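Peer 1: pasting the sequence and the predicted coordinates here, then a few questions.
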Amino acid sequence: MNKNLFRASAVAAAAVAFSGVISVSQSASAAQTCSPATANGWANSMPGIIPEATLNAPTCVEALPDNKVRGKVTVGWEFINDGQSDMTSKRYTSFKVTTRLESRVPGGTDVVVTSKTCDLTASINASPKSSVTCLTPSATLDPKKQWSGDATVVYDIEGDNKGPVTWELAGSPLMS
């Protein structure tokens, strides 16, 4: 089996296994509605001997105590070690996620209520397998509106000479 086919198979298998882990993890203290784990799963080919990455980033809207609500995205990643990969080199020049809490009146369009940008570059370069959650500031829950969480990732792979790439994530289902 050639190396590229082996890597592609390993990436696919890891993505399926990884998305299964992410899809069952939820906060016990808050009610939340999240995009399916498979909606924001993705494999990233890296240059040279840096291993391929599988990433998963379900977006959520989370109802909190005291009539509050916030947006949430948990970016999880795993780098596939095929035995010949360089697991210590820098993988990303930049990896930032912007999480948004959005509201709408029924039948209307989304309006951004709060947002937060989290820089995950150091975390994702430091560990071959982990996850980090980026939360928006909370807002007062208006029961007349529908709420959703949404997010965008902007990343730049070290050494691929493509520059920053934008990954628009699938938003969460609406919470009423």
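Peer 2: Received the coordinates, thanks.
Peer 1: in space, what's closest to Val121 - neighbours in sequence excluded?
Peer 2: Quick fix: residue 121 is Thr, not Val. Distances taken as Cβ to Cβ, 6 or more residues apart in numbering put Phe95 closest to Thr121, at 4.8 Å, once the chain neighbours are dropped. (Glycine included, C-beta is placed from N, CA and C.)
Peer 1: is it fair to say the one you found lies in a helix?
Peer 2: No - the assignment for Phe95 (DSSP: H, G, I helix; E, B strand; the rest coil) gives strand, which keeps it out of a helix.
Peer 1: who does it form a beta bridge with?
Peer 2: Tyr155 (DSSP bridges).
Peer 1: same question, Gly71
Peer 2: Taking DSSP bridges as the rule, Gly71 bridges to Val61.
Peer 1: tally of neighbours for it?
Peer 2: Gly71 has 31 neighbouring residues, counting by other Cβ atoms under 10 Å.
Peer 1: SS state for Asn125?
Peer 2: Assignment for Asn125 (three-state DSSP): helix.
Peer 1: so what's it up against?
Peer 2: Going by Cβ atoms under 8 Å, 6 or more residues apart in numbering, Asn125 touches Lys90, Arg91, Tyr92.
Peer 1: any idea which helix or strand in the chain has the lowest mean pLDDT?
Peer 2: Ranked by mean pLDDT, DSSP states H and E, the weakest helix or strand in the chain is helix 3-24, scoring a mean of 37.
Peer 1: ok, now how distant is the nearest residue to Ser115 once chain neighbours are set aside from Ser127?
Peer 2: Leaving out its chain neighbours, the residue that sits closest to Ser115 by Cβ to Cβ, 6+ apart is Arg100, at 4.5 Å. Arg100 sits 26 Å away from Ser127, going by Cβ to Cβ, to the nearest Å.
Peer 1: pLDDT score for the residue most central in space within the chain?
Peer 2: Compute the mean C-alpha point of the chain, and by Cα atoms, centre = their mean the closest residue is Ala57, 2.3 Å away. Looking at Ala57, its pLDDT reads 93.
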